[in-house]
Structure formats: structure tokens, C-alpha cells
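# Sequence plus predicted model, see below.
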Amino acid sequence: MNKGTRNALLGFVAGAAAGALVGVLVAPDKGEKTRKDISKKVKSVSKDITETLSEKVDHLKDQVNEVVSEMRGKAKEAEATVKEKVKEKASAQPA
């Protein structure tokens, strides 16, 4: 996860926590209702974070797979080139 994404995610979590805290402090509801509301908000934020992280992990997997595929292709090209050079050297040598 790059630094910008991490900072954005941290900012989102901090903002959600601050909002929940302010909500508790100024809430006119009874404690039980407030606790239920906080629980719902925590679950919602947790779900959002999980979805965001899942998206980032999927994106990272895609990037890694692209790099691996590219490197495999380059390795095959290099192998073919080496085999060709060896064949050329072998055929150029007197018997």
C-alpha cells in the first residue's frame, strides 16, 4: 500500500472516530441507544475499511501478476536468444 493510500485510509479512520466521539458527546439519547448507534457506526466503518483494503489487495495482486507475466516473457526471450547463440557457436566450430 503506498503512502498516499495509507494516509487517506488513516485520515478516514481518524475522521470516523472523531465524528463518533463528537456524536457521543452531544447526543441527547440515553446511553443504551448511544452505544447501539456507536456499534452500528463502528461496524459500518469496519466494513468500509475492509472493502477498501480488499480493493487495494486485488489491485496489488493484478499488478504483481502483470509483472510476473512480463518477466516470464522476457525470460523466455532470453532463453531463446541464448539457445540460438549456442547453436550458432556450435555450428561455426570446425568438426
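That came through, no problem.

# Show me the longest helix that occurs in this structure.
When the chain is scanned for its longest helix (criterion: DSSP state H), the result is helix 31-92.

# can you give me how far that one is from the chain middle?
How far helix 31-92 lies from its chain's middle: 8 Å, per C-alpha atoms, centre = their mean, to the nearest Å.

# can you give me the mean pLDDT across that helix?
Averaged over helix 31-92, pLDDT sits at 89.

# For burial, what's the neighbour tally of the closest residue to Ala20 other than its chain neighbours?
Leaving aside its sequence neighbours, Ala20 sits nearest to Lys41 (C-beta to C-beta, 6 or more residues apart in numbering; 5.3 Å). Where you see a C-beta, it was placed from the backbone N, CA and C, and this is true even at glycine. Close neighbours of Lys41, defined as other C-beta atoms under 10 Å, add up to 16.

# May I have the residues that are in contact with Lys41?
Neighbour list for Lys41: 16, 19-20, 23 [criterion: C-beta atoms under 8 Å, 6 or more residues apart in numbering].

# If we only consider those, which is nearest to Ala90?
Ala16 (68.3 Å; C-beta to C-beta).

# Give me the distance between the closest one and Ser46.
10 Å (C-beta to C-beta, to the nearest Å).

# Any idea how many residues pack against Val13?
When neighbours are defined as other C-beta under 10 Å, Val13 has 14 of them.

# Quick one: residues contacting it.
Shown in contact with Val13 (C-beta under 8 Å, 6+ apart): 45, 49.

# what angle separates the helix or strand where it lies from helix 31-92?
Using DSSP states H and E, Val13 falls within helix 3-26. Angle, helix 3-26 to helix 31-92, by axes from the mean of the first three to the mean of the last three C-alpha atoms, to 10 degrees: 170 degrees.
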